[in-house]
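> what follows is a predicted protein model with its sequence.
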4 protein chains.
Amino acid sequence: MNGKSMPLTESNPPLTEAAAKQENSMPKKTAILHSAQEVFGQHGYSTTTMKMVAEKAGVAFGLVAHYYGNKESLFITAGFSMIDDLLATLSHKTRKARSGLDGVRLFVESYLTFTQEHRRTFPVLIRCSPFSDVELPAERERIAEKFLEIIHALQAFVRRGQQDGSINPELPEAETAFLIYSNIVGAVRTTMITPYNVPGLYAETVRYVVRSLSVAAESSIPPFLRPSSLVD
Amino acid sequence: MNGKSMPLTESNPPLTEAAAKQENSMPKKTAILHSAQEVFGQHGYSTTTMKMVAEKAGVAFGLVAHYYGNKESLFITAGFSMIDDLLATLSHKTRKARSGLDGVRLFVESYLTFTQEHRRTFPVLIRCSPFSDVELPAERERIAEKFLEIIHALQAFVRRGQQDGSINPELPEAETAFLIYSNIVGAVRTTMITPYNVPGLYAETVRYVVRSLSVAAESSIPPFLRPSSLVD
Amino acid sequence: MNGKSMPLTESNPPLTEAAAKQENSMPKKTAILHSAQEVFGQHGYSTTTMKMVAEKAGVAFGLVAHYYGNKESLFITAGFSMIDDLLATLSHKTRKARSGLDGVRLFVESYLTFTQEHRRTFPVLIRCSPFSDVELPAERERIAEKFLEIIHALQAFVRRGQQDGSINPELPEAETAFLIYSNIVGAVRTTMITPYNVPGLYAETVRYVVRSLSVAAESSIPPFLRPSSLVD
Amino acid sequence: MNGKSMPLTESNPPLTEAAAKQENSMPKKTAILHSAQEVFGQHGYSTTTMKMVAEKAGVAFGLVAHYYGNKESLFITAGFSMIDDLLATLSHKTRKARSGLDGVRLFVESYLTFTQEHRRTFPVLIRCSPFSDVELPAERERIAEKFLEIIHALQAFVRRGQQDGSINPELPEAETAFLIYSNIVGAVRTTMITPYNVPGLYAETVRYVVRSLSVAAESSIPPFLRPSSLVD
DNA sequence: TATGAATGAGCGTTCATTCAT
DNA sequence: TATGAATGAACGCTCATTCAT
């Protein structure tokens, strides 16, 4: 036996993605959830079919129902599991914040980094979000409630920053948290689901947010720019 | 005029919405487009059916196809028509801007006001947006291109502000335009499609944006908060 | 011209049943209902598929849903339409009853005759009956209520017979009506859906019922056979 | 025996029905058959699932197939086992009949009593009957043959009654047996599966049958009521 | 004996689309 | 211009059955 022409392992060259998942001996149940995150993320709820998920996972489509009941429940499970992963990461990455503003900064940075490290699966969160199309009216409230966990975490840092002097004390807590979150979501969506290419967007998002919260920002604004008659 | 055969009041009390549209003698073609905007806005692309649109417009469903060909084309037409209306309004409302920053402010305010004045139909734009679910991969590029008109209008004010000294000259033009737009979109979505109730959000959005663009904002940020290793 | 070998009409020899229905220029909506009665009657609710109904009617299966909504509603419509036909016939055939007992006799005879004259479609009533499998729990009450029309018609003749002296006055009205109906149903089911062959059953059913209602019947029964401890 | 480690009471308060079956140390194989009778009886063949049977029996659903092969065979086994129980009871309860008519009476009474004493499981016989929906065309003949055992037992008493003078000698044996059975089946179905409430039905059924078989019944019927042109 | 993971045929249903009128 | 009958691809889902453990 010589090593020249014999493959060392009988590696199966055109390994499909589905086969790959089985190859890693990822349990089928896990493979299905993972595939669901990818496919829902890529196509959204309606356009995704159970067959697509099953095929990507390399299993019979009946198995998807076996483990996750139905499409709606699979979608919610896929989305919520992603939220839980994200929250765990955010909580870990922001635990050493030196101030409220620093916490906000770490929060935004970690969030954006998390999306980069979960390129394939993160978009499921964009679909399973109260800011997205309401294709599951029945689950609207549950999703919204779950998402509040993210926004409240952000709001807590705003409050802390207003107490420790790192954030402009005049800002309304809740509104500010929503606006920061808007910037995060906007940056992520622009990068992940639009065809636009805005290379510096993630880095600039952090600066944009920090500037708006900083204590000096307001002082330089000419008076006529301040009032607004807008009412929701 | 005699009272003989005239009904005293021609009030038709239980007038359905569909009937109302015909009543105003709105041409059927227009009624269909208007209904399409409402229904697509409320339910999204996939969930909307041609029958829903026809019923809301009070016409036979065959007529929808007769005028607009197919669902996809109806959707695009409904969305683009909304964009065009929006752009016209924005262009008109911002023509008296005193400076770049003032232009940004007017832009944001007018945008938000526009959504309030088109509560029923505006959501079609949320669905027909490159930042939303890509349920029509074939039209993704066209939609994205159309939307750039909005973002470029915003970017033009940023540039002008950096030239006239009303906006921090160090900000990257494109990224900043996208971030401002994030705040607009976030505020609108929060108000129109989430179950959250954040009463001061629209007014605060204007201030949040203006603060971040103002020339003094950056100076108050401690150095360690500035750098960011984030790369898209 | 001679009639010997030329077909008078270009009759299409292997005419399928479906084609035949179209041939008679029976409207498609009617053809579907008729086919539904046949197929539901032959196979029961669960075993029948929409495809079977559509094929027998010679139409695309989508048209079934177009006209009748869904399987359940098609089933109910098919069954109730048969009940209505039956009731109309019974009411017509019994209008000349000379007495209550004669009315019962005419009722039973007409009922049995009706089943013979609707051999293909009548069995739908056997399936869509409160005495049959409850495969549509949701419709159980409605079906039961509809069927009472039949039983009440019978009961009215029993009452009349007790008043005019043709029927044993000691019989309990309601129970007797149910028992007569049992004999009808039993005879029809035996003939139409079991493999048994009991040639004289229909004729004997009439006699069996009439004997049990007659005024002399009870007198000949030895006392020890009368009491019964049965309680429902 | 010491009390140290023994729980004072091994009471397991919220015992589910499934758990109860295991508790009685009913062998699992028996528990499955019993559950099958209940579930098939309640829901019919098509609507019943193997999982429902397994759950009610408190066993893994694989075990059902392990013992009974497939759904069809489980159904037949469940139904035939009920027929065998019924026949044994009838044969025992009618063995002291004083005459043919008395035998018929005992037969009907015992049959009705049996259904009352097997409220939960008897309905399986209603489903697995040639007079019911033919959802198992393949087994139609076998079921019909098995059921003949019941009808023939009845017919034997009719014959005996005609010989011993307790039953009208002019009645056709087979038809009469079928008609008596119609009354039994009708009473049972009315009570067990319809929503009707007819309290005296069981007791009246016995009298209704006996009257119709009695020797005096026919004499009181006016001639014009006798003939019938009905042919099956 | 006992389990439940895994499969896929077949179901009811939805709905965009076409077309004769 | 306006209608709605008619079609059938494609969907989510159920569930009997098989089989490795």
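Received it, and whenever you're ready, just let me know what you need.

> which residues of chain A fall in helices?
Applying DSSP state H to chain A gives helices spanning A:17-23, A:28-47, A:50-57, A:61-68, A:71-93, A:100-117, A:123-127, A:140-164, A:173-192, A:201-213.

> and the ones you listed as JSON lines, adding distance to chain C and mean pLDDT?
No exception for glycine: its C-beta is placed from N, CA and C like everyone else's. Listed next are the helices of chain A as JSON lines, based on distance: least, C-beta to the nearest C-beta, whole Å; pLDDT from 0 to 100:
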{"stretch": "helix A:17-23", "distance to chain C": "32", "mean pLDDT": "63"}
{"stretch": "helix A:28-47", "distance to chain C": "21", "mean pLDDT": "96"}
{"stretch": "helix A:50-57", "distance to chain C": "21", "mean pLDDT": "97"}
{"stretch": "helix A:61-68", "distance to chain C": "20", "mean pLDDT": "97"}
{"stretch": "helix A:71-93", "distance to chain C": "20", "mean pLDDT": "97"}
{"stretch": "helix A:100-117", "distance to chain C": "44", "mean pLDDT": "97"}
{"stretch": "helix A:123-127", "distance to chain C": "30", "mean pLDDT": "96"}
{"stretch": "helix A:140-164", "distance to chain C": "27", "mean pLDDT": "95"}
{"stretch": "helix A:173-192", "distance to chain C": "39", "mean pLDDT": "98"}
{"stretch": "helix A:201-213", "distance to chain C": "48", "mean pLDDT": "96"}
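
> and these as TSV, adding mean neighbour count?
Formatted as TSV, these follow (neighbours: other C-beta atoms under 10 Å in any protein chain shown):
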stretch	mean neighbour count
helix A:17-23	15
helix A:28-47	22
helix A:50-57	20
helix A:61-68	16
helix A:71-93	18
helix A:100-117	22
helix A:123-127	26
helix A:140-164	18
helix A:173-192	23
helix A:201-213	26
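
> in a markdown table: the ones you listed, plus distance to chain D.
Below are those laid out as a markdown table (distance: least, C-beta to the nearest C-beta, whole Å):
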| stretch | distance to chain D |
| --- | --- |
| helix A:17-23 | 24 |
| helix A:28-47 | 18 |
| helix A:50-57 | 20 |
| helix A:61-68 | 12 |
| helix A:71-93 | 18 |
| helix A:100-117 | 41 |
| helix A:123-127 | 31 |
| helix A:140-164 | 28 |
| helix A:173-192 | 41 |
| helix A:201-213 | 50 |
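
> now A:L136: phi and psi?
For A:L136, the backbone dihedrals (degrees, to the nearest 10) come out as phi -120, psi 70.

> now do the contacts for it.
By C-beta atoms under 8 Å, 6 or more residues apart in numbering or on different chains, the residues touching A:L136 are A:45, A:72, A:75-76, A:143.

> ok, 10 Å please
Each residue near A:L136 by C-beta atoms under 10 Å, 6 or more residues apart in numbering or on different chains is listed here: A:45-46, A:71-72, A:75-76, A:128, A:142-143, B:47.

> please parse chain A into its domains.
Following automatic domain parsing, one gets these domains for chain A: A:15-69, A:78-215.

> tell me which parts of chain A are close to DNA strand E?
Contacts of chain A with DNA strand E, taken as C-beta under 7 Å from any atom of the strand, map to A:28-29, A:59-63, A:65-66.

> in chain A, which residue sits nearest chain C?
Taking C-beta to the nearest C-beta as the measure, chain A has A:N70 as its residue closest to chain C, at 19.3 Å.

> A:L148 against A:P130, yeah?
Yes: using C-beta atoms under 10 Å, A:L148 is in contact with A:P130, at 8.9 Å.

> which residues do these two both contact?
Joint contacts of A:L148 and A:P130 (C-beta under 10 Å, 6+ apart) are B:Y196.

> now for the closest residue in space to A:A153 that isn't next to it in sequence: which residues touch it?
If the residues on either side of it in the chain are set aside, A:A153 comes closest to A:L90, at 6.3 Å by C-beta to C-beta, 6 or more residues apart in numbering or on different chains. By C-beta under 10 Å, 6+ apart, the contact list for A:L90 reads A:106-108, A:110-111, A:114, A:149-150, A:153-154.
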